[in-house]
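**Student:** All I have is the shape, not the residue letters:
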């Protein structure tokens, strides 16, 4: 998905992370979503929890857009023209609906519920995303993963994976990146990561062993989910709970009357400064300026998407800010 904001923030993102305390309790930082309209008054609204001022990274996860359920038969659905990316991977994950993906590698793939599409931009790629005509309700997340410096210029790539379910008590999990509950995804990432969907029956809980070298984020899609042993209230829909380094065990509990669903995201701290602006990730302001100039000049860095039928064949980049970027550091947390 493209960041369609007309004045996107320019962020100098730092990889600071929290550490465990010696008290035996967990500190859960609750990140509220910011609603961002994509593409005009009739377009979809996404709930964005990363990046924001208080936290810009969870491991290498750097962008979390949560959308739906939207009746796209009334709004026209998702239709994102050819747009560029650099220095990142996009992870597309749906709960309901279907989205058609095309990119400059020639990939033509469908994003369907419970199936991961992971696109590696690296040196540069362009792609489109269009919800299919048969889609009535569109509901899912778009996630970005920052590539470490040694892989930031890696060639384009694309992977598709449909994870099997693992059931623990009243909880059903799909592990699409990394490993959890004895399941491991075969999809390659450039830093250690975790990505999983967990669906809870009413009243269900799950006890999970996690890597204490990871930061973790708990994004609530449906219901209300509590994290036992924390000093925060249960997480509500669209909220993202952050846990810093040091947690080796999580107990997650559905405290609502109905079913609940979360995404559990984790990863080793990136440990690098990155600059995010629009759809680009670079290492400094000048790099972002150069990426924008190349995109606007139709450079071969990004290539051409074939087969897209929309009226805009090359999404214009917004104007750059007049000033240089200013650092926005993560607030150190603790697990």
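**Tutor:** Perfect, I can see it now. The shown structure was predicted, so the numbers you read here are calculated from the model rather than taken from an experiment. Residues are numbered from 1 along each chain as shown.

**Student:** Quick one: the helices in the stretch 1-150 of the chain, in order.
**Tutor:** For the stretch 1-150 of the chain, the helices defined by DSSP state H, counting those that start in this stretch cover 72-75.

**Student:** residue ranges with poor pLDDT in it?
**Tutor:** 1-24, 39-43 (pLDDT under 70).

**Student:** mind redoing it with 80?
**Tutor:** The model of the stretch 1-150 of the chain has pLDDT under 80 over residues 1-25, 38-44, 74-76.

**Student:** list the contacts for residue 117?
**Tutor:** 90, 91, 92, 101, 109, 111, 158, 159, 160 (C-beta atoms under 8 Å, 6 or more residues apart in numbering). From N, CA and C alone the C-beta is placed, and that goes for glycine too.

**Student:** What's the ChimeraX syntax to select whichever of those are buried?
**Tutor:** Burial among the contacts of residue 117 is assessed by 16 or more other C-beta atoms under 10 Å; the matching ChimeraX selection reads:
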select :90,91,92,101,109,111,158,159,160
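
**Student:** Take the contacts of residue 117 and write them to CSV, including distance to residue 243.
**Tutor:** Compiled in CSV, those are given as follows (distance: C-beta to C-beta, whole Å):
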residue, distance to residue 243
90, 24
91, 20
92, 25
101, 32
109, 33
111, 28
158, 31
159, 27
160, 30
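
**Student:** my read: residue 301 touches residue 121, true?
**Tutor:** No - with contact defined as C-beta atoms under 8 Å, residue 301 and residue 121 do not form a contacting pair (10.3 Å).

**Student:** center of the protein - which residue?
**Tutor:** With distances taken as C-alpha atoms, centre = their mean, residue 143 lies nearest the centre of the chain, 1.7 Å away.

**Student:** So what pairs up with that residue in the strands?
**Tutor:** In this entry, residue 143 is beta-bridged to residue 64, residue 91, by DSSP bridges.

**Student:** tell me the contacts of it?
**Tutor:** Contacts here follow C-beta under 8 Å, 6+ apart; on that basis residue 143 touches 61, 63, 64, 65, 90, 91, 92, 93, 195, 265.

**Student:** same thing but 10 Å
**Tutor:** Residues near residue 143 by C-beta atoms under 10 Å, 6 or more residues apart in numbering: 1, 50, 61-66, 88-93, 116, 118, 176-177, 195, 219, 263, 265.

**Student:** And for residue 153?
**Tutor:** By C-beta under 10 Å, 6+ apart, the neighbours of residue 153 are 86, 87, 122, 123, 124, 147.

**Student:** separation between the third one and residue 231?
**Tutor:** From residue 122 across to residue 231, the span is 40 Å (C-beta to C-beta, to the nearest Å).

**Student:** Compare neighbour counts for these two and give me the winner.
**Tutor:** residue 122 (20 against 10; other C-beta atoms under 10 Å).

**Student:** what's the closest non-adjacent residue to residue 242?
**Tutor:** Closest residue to residue 242 apart from its sequence neighbours, by C-beta to C-beta, 6 or more residues apart in numbering: residue 29 at 4.2 Å.

**Student:** my read: that neighbour touches residue 52, true?
**Tutor:** No - look at residue 29 against residue 52 with C-beta atoms under 10 Å: they stay out of range, at 11.2 Å.

**Student:** Common neighbours of these two, please.
**Tutor:** In contact with both residue 29 and residue 52: residue 240, using C-beta under 10 Å, 6+ apart.

**Student:** In strands, which of the contacts of residue 143 fall?
**Tutor:** 50, 61-66, 88-93, 116, 118, 176-177, 195, 219, 263, 265 (DSSP state E).

**Student:** So what sits opposite residue 52 in the bridge?
**Tutor:** Beta-bridge pairing of residue 52 under DSSP bridges involves residue 55.

**Student:** So what's the residue count around it?
**Tutor:** Neighbour number of residue 52 under other C-beta under 10 Å is 17.

**Student:** Isn't it up against residue 36?
**Tutor:** No - if you go by C-beta under 10 Å, residue 52 and residue 36 don't touch, sitting 11.3 Å apart.

**Student:** Any stretches of the stretch 151-300 of the chain with poor pLDDT?
**Tutor:** Those would be none, if you go by pLDDT under 80 across the stretch 151-300 of the chain.

**Student:** all helices of it, in order?
**Tutor:** 285-296.

**Student:** how far away is residue 283 from residue 274?
**Tutor:** For residue 283 relative to residue 274 (C-beta to C-beta), the value is 7 Å.

**Student:** ok, for residue 159, nearest residue in space, not its chain neighbours?
**Tutor:** Once flanking residues are discounted, residue 159 sits nearest to residue 118: 4.6 Å by C-beta to C-beta, 6+ apart.

**Student:** meant to ask about residue 183, not that
**Tutor:** Closest residue to residue 183 apart from its sequence neighbours, by C-beta to C-beta, 6+ apart: residue 175 at 4.3 Å.

**Student:** Tell me, how many residues neighbour residue 279?
**Tutor:** Counted with other C-beta under 10 Å, residue 279 comes out at 27.

**Student:** now do residue 271
**Tutor:** 14.

**Student:** try residue 183
**Tutor:** 16.

**Student:** show me the contacts for it.
**Tutor:** Applying C-beta under 10 Å, 6+ apart, we find residue 183 in contact with 163, 164, 165, 166, 173, 174, 175, 176, 196.

**Student:** Cool, thanks, signing off.
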